[in-house]
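Asker: no sequence for this one, just the structure:
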């Protein structure tokens, strides 16, 4: 998928940033891991999976996706500095 962050680290950051349970954040991680996070087609598929598996609105799915992107991008740049 391209996400090389530690799974526990991602899940902890998600719990902190999106106010979801650890179980829900594990589901989010699994969706990201399955689909990859980069690309417009991936984004729409990931958002649909969030809506289906987490029972959230499209706007909430978009917020979750954007938070995930922020976590991954910030981690990438912090490792490369």
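Answerer: Right, received. Where do you want to start? Just so it is clear, the structure is predicted and the values come from calculations on it, not from any experiment. Numbering: from 1, shown residues only.
Asker: which residues are in contact with the lengthiest helix in the chain?
Answerer: In the chain, with assignment by DSSP state H, the single longest helix is helix 58-79. With contacts defined as CB atoms under 8 Å, 6 or more residues apart in numbering, helix 58-79 is touched by 3, 5, 9-10, 13-14, 17-18, 20, 28, 32, 37, 43, 46-48, 50-51, 54, 56. Every C-beta, even on glycine, is put in place using the N, C-alpha and C of the backbone.
Asker: If you count neighbours, what's buried in it?
Answerer: For helix 58-79, a neighbour-count test (16 or more other CB atoms under 10 Å) marks 60, 61, 64, 65, 67, 68, 71, 72, 75 as buried.
Asker: Return the member of those nearest to residue 24.
Answerer: Closest approach to residue 24 among the buried residues of helix 58-79 (CB to CB): residue 64, at 9.2 Å.
Asker: What's the separation between the closest one and residue 35?
Answerer: To residue 35, residue 64 is 13 Å away according to CB to CB, to the nearest Å.
Asker: Next: residue 72.
Answerer: From residue 72 across to residue 35, the span is 13 Å (CB to CB).
Asker: before we move on, what about residue 78?
Answerer: From residue 78 to residue 35 the distance is 23 Å (CB to CB).
Asker: so is residue 37 in a helix, a strand, or just coil?
Answerer: Assigned with DSSP: H, G, I helix; E, B strand; the rest coil, residue 37 falls in the coil class.
Asker: Report how many residues lie close to it.
Answerer: Neighbourhood size, residue 37 [other CB atoms under 10 Å]: 19.
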